[in-house]
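Q: No sequence on hand, only this structure:
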């Protein structure tokens, strides 16, 4: 690092609200400076504050101060115009070599029982059967619609009233057509998709890819073809979107930046090992792909409004009331379709959640074989603490936004909040978190207490 010592001075600021925003920013940026010095710096244009700062951060600091209306300037002190590099004592290349060298030969394969495989196969079959049931309902409505249209033309002869005959014949056709249209809609409507993940280039992050590939090699899992970063306290691996990956084993790994910032290397290795463990078993990988894909589709079409939904809702409030009647009728059939899908979705959830919990246990065993039960428990505890700190940091963002400020490093803020939790509160939280045994039929993950007990039972750390 190159550090430089100099004087920071600010121009006159007439706006009282601007002074308050500037004071809050300086307090956060220069926590060691006293309140009196900061107030003097803001109120007196002739005052200055002596500080030592990294040379590369000076332009950034001045820009932020100027954006707040401070007219800031920084003057290096005599003899400081040429900053001297300071020695950190950390050899990054050496650290990388040690980390990658810590992975030895492939671990012993984690056994999987016949009943577990059979359970996955049966669950996958049932999950595939649910969309077939839905398609059969569509086909049945279509058949009845065609049958009525062709076979009930004689209603005009059998019913004396022309208006009554018209309603008896045309009414079911209109209703059936709308019902058919909006049952077919979820199969083709484009989703409103917002991807908050950020792809990491293997050429720019070679060490990260080498590290993850070492974990995959140890577990005998597919090597991730792409790694993504998200702003979540989480990590997950999945086959690449599209049916092609079902046959090619193209795997993608997503790592939450707050998790990478807040967990130590052993904890992060166990978490990534758990995620890749889902894909170490080829059969389980494909069955889980089917289960998650069908569950995800049902959840999306039931709860997520697509582009058609948004247009129909907007048009029904903008168009003439005589035309809007048909749009409101369309919205009713959308609701009815979603109720049918909702019922099928919960059948699928009830069938699949038990097997998904077993899949989590299986993935846990891969993480155990990689690094042991002690680290598994510590990573579970850290996940809980970071999730708690994430909520705390989110509240900080809300408060900062009202003051016209934003955080520079959100993962670091979450880590900082996690480290600031008082020991007594942390102890009480972990006691409650680790002893939670409330089990629900629709839980996709076992409770933490059961997972730790399972880890202790199957602990076989590497030699």
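A: Right, received. Where do you want to start? Everything numeric here is computed off the predicted structure, so don't read it as measured data.

Q: pLDDT below threshold where in the stretch 251-400 of the chain?
A: Counting by pLDDT under 70, the stretch 251-400 of the chain contains low-confidence ranges at 281-285, 303-309, 320-327, 330.

Q: Which parts of it are strands?
A: Along the stretch 251-400 of the chain, counting by DSSP state E, counting those that start in this stretch, strands occupy 251-256.

Q: To what extent is residue 402 buried, counted in neighbours?
A: 8 (other Cβ atoms under 10 Å). Using the backbone N, CA and C atoms, a C-beta is placed for each residue, glycine as well.

Q: Tell me the spacing between it and residue 118.
A: Applying Cβ to Cβ, to the nearest Å, the value for residue 402 to residue 118 is 56 Å.

Q: what does residue 319 give?
A: Distance from residue 319 to residue 118, by Cβ to Cβ: 55 Å.

Q: Between these two, point out the one with more neighbours.
A: A direct count of neighbours by other Cβ under 10 Å for residue 319 and residue 118 places residue 319 higher, at 13 against 10.

Q: separation between the more buried one and residue 333?
A: On the measure of Cβ to Cβ, residue 319 and residue 333 end up 18 Å apart.

Q: And residue 88, what's its pLDDT?
A: Residue 88 carries a pLDDT value of 43.

Q: Tell me the backbone dihedrals of the residue sitting nearest the centre point of the chain, please.
A: For the chain, the residue nearest the mean C-alpha position is residue 232 (5.5 Å; Cα atoms, centre = their mean). Here is the backbone geometry of residue 232 (degrees, to the nearest 10): phi -130, psi 160.

Q: my guess is it meets residue 261, correct?
A: No: look at residue 232 against residue 261 with Cβ atoms under 8 Å: they stay out of range, at 12.0 Å.

Q: ranges for the helices of the stretch 51-200 of the chain?
A: 58-67, 92-101, 114-151, 155-158, 162-188 (DSSP state H, counting those that start in this stretch).

Q: Next: the stretch 201-350 of the chain.
A: Taking DSSP H, counting those that start in this stretch to define them, one finds helices in the stretch 201-350 of the chain at 206-219, 244-248, 257-262, 265-277, 282-303, 307-318, 321-371.

Q: most packed of those?
A: helix 265-277 (a mean of 24; mean count of other Cβ atoms under 10 Å).

Q: Just the angle for it relative to helix 206-219, thanks.
A: 60 degrees (axes from the mean of the first three to the mean of the last three Cα atoms, to 10 degrees).

Q: Just the residues contacting helix 265-277, thanks.
A: Contacts to helix 265-277, defined as Cβ atoms under 8 Å, 6 or more residues apart in numbering, come from residues 99, 110, 212, 215-216, 218-219, 221, 224, 235-237, 251, 253, 255, 259-260, 263, 362-367, 370-371, 375-376, 378-379, 382-383.

Q: for stretch 287-305, same thing?
A: By Cβ under 8 Å, 6+ apart, stretch 287-305 touches 120-121, 123-124, 127-128, 130-131, 186, 189, 191-192, 238-239, 246, 278, 338, 341-342, 344-345, 348-349, 352, 355-356, 359.
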